[in-house]
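Enquirer: This is the structure alone, sequence omitted:
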């Protein structure tokens with residue numbers, strides 16, 4: 001399944017915390033789980049899209065992000081059903 005966690009910056013973020021967050025993202029990438037990530041340009045936060053077996057695993061991954069674990073960012077998690085050519089962009093016949 002694909003999950004997205006939407007981050008909201010609640011406190012200032014320092015360089016050390018950013019570096020730890022990037023290491024978390026690199027681990028997801030190395031595991032083949034990271035789909036897309038980055039900060040928003042019009043909102044104080046960002047998002048991480050990734051794969052997980054189920055919601056409990058997705059929550060474990062999100063909660064291990066240093067931005068979240070440190071209390072600097074709050075988040076919401078969503079399950080995403082990707083619309084793509086292979087599934088006819090979710091159009092039913």
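Expert: That came through fine. It should be emphasised that the depicted structure is a prediction, and the values quoted were computed from it without experimental measurement.
Enquirer: Helix or strand: which one has the residue positioned nearest the centre of the chain?
Expert: Nearest residue to the geometric centre of the chain (Cα atoms, centre = their mean): residue 48, 2.2 Å. Taking DSSP states H and E as the criterion, residue 48 maps to strand 45-51.
Enquirer: That strand pairs with which strands, parallel or anti?
Expert: Applying DSSP bridges, strand 45-51 is found paired with strand 2-9 (antiparallel), strand 34-39 (antiparallel).
Enquirer: Surely residue 36 is in contact with residue 46?
Expert: No. Using Cβ atoms under 8 Å, residue 36 is not in contact with residue 46, being 10.5 Å away. Every C-beta, even on glycine, is put in place using the N, C-alpha and C of the backbone.
Enquirer: These two - which one has more neighbours?
Expert: residue 46 (19 against 10; other Cβ atoms under 10 Å).
Enquirer: which residues does that one bridge with?
Expert: Residues in beta-bridge contact with residue 46 (DSSP bridges): residue 7, residue 39.
Enquirer: in the longest helix seen in the chain, what counts as buried?
Expert: Determined from DSSP state H, the single longest helix within the chain is helix 15-30. For helix 15-30, the neighbour count (16 or more other Cβ atoms under 10 Å) marks 17, 21, 24-25, 28 as buried.
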